[in-house]
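# I would like to see how this sequence folds:
(one chain, ligands or ions: 2)
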Amino acid sequence: MKIVRILLILVVLPAFAQQGGMWIPSLLKGPNETEMKALGMKISADDIYSVNTSSLKDAVPHFDGGCTAEMISPKGLLLTNHHCGYDNIQSHSTVEHDYLTDGFWAYKMSEELPNKDLTVTFIIKIEDVTSKIFEGVNNLSTEVEKQKKIQLNIAAVGKSFPKEAWQEAMIRAFYDGNQYLLFVTETFKDVRLVGAPPSSIGKFGSDTDNWVWPRHTGDFSLFRIYADKNNRPADYSIDNVPYQPKHFFPISAKGIQENDFTMVMGYPGRTQEYLPSFAVEQIVNDLNPAKIEIRDAALKVQDGFMRKDNAIKIQYASKYAGVANYWKKWIGETKGLKKSNAVALKKEFEKKFQERIMKAGKQAEYGSVLADFEKNYTEIRPFAIAKDYFTEVVLRNSEILSFGYRLYQLEQVYNSRGEQAFTDRKNNLIAGFEGLYKDYSAQVDEKVFEQLIDLYTSKSPKQFLPESLNNVNASSLTTGIFGVSKLTNYDGLKNILSGDAKSVVEKLNQDPAYKLVKLIADSYQKNVAPKFDEINLKNIALQRTYMKGIMEFFPNDRIFPDANSTLRVTYGQVKGYKPSDAVVYEPVSYLDGVIEKYIPGDYEFDVPKKLIDLYNAKEYGKYADKNGKMPLAFIATNHTTGGNSGSPALDANGNLIGLNFDRVWEGTMSDIYYSPEICRNIMVDARYILFIIDKFAHANNLIEELTIVYPKSKKSK
Ligand code: ARG
Ligand code: ASP
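Numbering: from 1, shown residues only. Ligands and ions are numbered 1, 2, ... in the order given. Model (predicted):
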């Protein structure tokens, strides 16, 4: 037995030394399962994914399309991050009932709060449909035709695949379009808020600590899924009952140690691990710096207002967090890519790629891939920069411009599809805008606009800028727009949108904010988008060929498909790291760190008095570790990305030991280049979650629902 194990470890070590990867749960049998067992896993690939019996995957739904969550009770109780539930917690909050600040706990099911538009989606089964999707594709000559045929096949296969009436089928491309998998899913729509700690716990450290280790954030919230009487998805109804999942996770209070096996299941959104060096160079030198500068300006303005005005703080909290999150990530990513010499390493790999092609005599198929990439990325550069300016300024960070852009699309709907389509879209917009204006402050937006339009006109590629915006004075442009435009408030917007299509379009075209959006968007759609799309399409096709070549010529590398918001499994070990010369980080943080970071009254580092009292009294219940300390967070080598927030971190037996919520600063480049030395995911320790629910919130109703696995010594306490 021992010998077998040692042999296993020996066989696996070289691969393990590379680490990383987000694997497809239905395809773990083989090298992954072997490696996982060598790392200490006690369960099998079938326990993780099985179609016919319940398996771990049945407890891990996609939360709200962007995060992950997990079932932790037989009565539909769902655990995810505080930052994943944030929008919903915010939407129930007012200055009087401020659940963001004070937290929220339902002590009875009847107190749970329904959430409009919140959905939770489970995977029922996964099937490889690659050959069906490629039917009739390869004899077509152009990439455009091929893509069209693939889309037709996707629609047809999705439609005809056998499933129940309440289920859906979706098909996703893997390995840059070399493989297609079909997912049968079930989406629940009645999902209620059950519990959230105050932000001083759930968002402790806020943006200063975001993407940073050591970390002390209790980033969790609780929801409950409701189903109809047959345990099936249903719209919200008072008659719905708690959903009974096929599987839920027991929670381990046994604790973790360095080098323990861990695995994380969830829905990573997007990675680009196989980009050629030319693309990475562009991200590092051009695209990230431009986006960072724009967001930096917008954030500084918003932060100034939020610190002075509580109502604005609530209005902008969620938006600000979203913008700040990627702003900070891109800074870390750029640094990490530089420090790890990612471009040079990619170039080395490309040299090997080229050599192997030559050796195999496959020049005809692959010989020009890298040269074509180089040519395309050189050509696309100004268009890519212009696209990012447009996206960041118009679509994302200046609210009045983003509102204007929706209206611009409305006018296009009228022009292309007529009055009825226009009216439908218009009514949708009016409804949607109500929520947007609820969280809108023209005062804040005006200052943001002034900064961003200045950057746009002075720094985006000149050749695509509408002539009248050359050398424009940002400050007078701003006053001209905010003093006159009707888009600065909801009533003004409704006024513009009242009447038939013709009169609406006429009014729109007299509004100065709208006119500016139209000027910019017209020029973007004429001068940037077509050329960008044309080159980009070529790159997509090249990427598919490149990926195919990598799989063919590097069969022994750890090749996993880039993230695409589908369910994945990643695994590794609890491990500290060395962020920089002479510094070593330990893998576990404790409540002591909260007290060390405590700044009374600070908006990021204040601590609730009750938590300080519990700390002083060491009232940790059964959740303290064996030294009597309260563990808070830990890190491991699991390869995660955006979308993995809220993912369950599991031990060797498949019990819940933590809740994934972030990565470490030095390793945020893992979306493009994963380095096992410094890439770590960050998880809240399950014991801290239990402690907060139990000792801080006294939500015994919730504790009673859970299955908690205690270490032997604490069972009888
Ligand atoms: N960085 C984490 C993730 O990408 C957490 C973000 C939420 N927290 C925040 N302070 N914005 O989502
Ligand atoms: N915080 C991220 C999320 O929300 C996770 C990550 O990027 O590591 O999904």
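
# for I314, which three-state class applies?
Under DSSP: H, G, I helix; E, B strand; the rest coil, the three-state class of I314 is helix.

# how near is the closest residue to it other than its chain neighbours to Q315?
Closest residue in space to I314, ignoring its immediate chain neighbours: S93 at 6.3 Å, by CB to CB, 6 or more residues apart in numbering. For the C-beta atoms, the positions are set from N, CA and C on the backbone; glycine is no exception. For S93, the distance to Q315 (CB to CB, to the nearest Å) stands at 11 Å.

# quick one: which of those two has more around it?
Per other CB atoms under 10 Å, whichever of S93 and Q315 has more neighbours is Q315, with 20 against 17.

# got the contact list for A324?
D207, N210, R295, L299 (CB atoms under 8 Å, 6 or more residues apart in numbering).

# ligand 1: which of these is nearest?
Minimum distance to ligand 1 across the contacts of A324 is 3.8 Å, recorded for N210 (CB to the nearest ligand atom).

# with only the CA atoms kept, save stretch 465-478 in CSV.
Backbone C-alpha positions of stretch 465-478 (Å, rounded to 0.1, in the frame of the first residue of the first chain) are rendered in CSV as follows:
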residue,chain,number,x,y,z
LEU,A,465,-12.3,60.9,-32.6
PRO,A,466,-15.2,62.9,-34.1
GLU,A,467,-13.7,66.1,-35.4
SER,A,468,-15.8,68.4,-33.2
LEU,A,469,-14.3,66.7,-30.1
ASN,A,470,-10.7,67.6,-31.1
ASN,A,471,-9.3,70.1,-28.5
VAL,A,472,-12.7,70.4,-26.8
ASN,A,473,-12.8,72.1,-23.4
ALA,A,474,-14.0,69.4,-21.0
SER,A,475,-15.3,71.8,-18.4
SER,A,476,-17.5,73.9,-20.7
LEU,A,477,-18.7,70.8,-22.5
THR,A,478,-19.8,69.4,-19.1
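
# how far out from the middle of the chain is that stretch?
35 Å (CA atoms, centre = their mean, to the nearest Å).

# what's it in contact with?
446, 449-451, 453-454, 456-457, 462, 516, 519-520, 522-523.

# can you do 10 Å?
Outside stretch 465-478, the residues that touch it by CB atoms under 10 Å, 6 or more residues apart in numbering are 386, 389, 446-458, 460, 462, 479-480, 512, 516, 518-524, 526-527.

# where's A364 relative to ligand 2, distance?
40 Å (CB to the nearest ligand atom, to the nearest Å).

# who touches that residue in this structure?
Taking CB under 10 Å, 6+ apart, one finds I357 in contact with A364.

# and it, what element?
Following DSSP states H and E, the helix or strand that holds A364 is helix 363-366.

# hmm, N616 is touching I595, no?
Yes - judged on CB atoms under 10 Å, N616 makes contact with I595 at a distance of 8.9 Å.

# more neighbours: which of these two?
Shown here are N616 and I595; by other CB under 10 Å, I595 has more neighbours (14 against 9).

# next, count neighbours for Q179.
Here the number of neighbours of Q179 (other CB under 10 Å) works out to 19.

# my bad, S503
Neighbour count for S503, taken as other CB under 10 Å: 12.

# surely it is in a helix?
Yes - the assignment for S503 is a helix, going by three-state DSSP.

# that one and ligand 2: what is the separation?
44 Å.

# and Y577, by the same measure?
15 Å.

# which positions in the stretch 251-400 of the chain make contact with ligand 1?
Within reach of ligand 1 by CB under 6 Å from any ligand atom, the stretch 251-400 of the chain has these residues: A321, A324, N325.

# report the contact partners of the residue lying closest to the last one once chain neighbours are set aside.
Going back to what we said before, that points to N325. Spatial nearest neighbour of N325, chain neighbours left out: N210 (6.5 Å); criterion: CB to CB, 6+ apart. Neighbour list for N210: 83, 203, 217, 321, 324-325, 327-329, 332, 604, 661-662, 665 [criterion: CB under 10 Å, 6+ apart].
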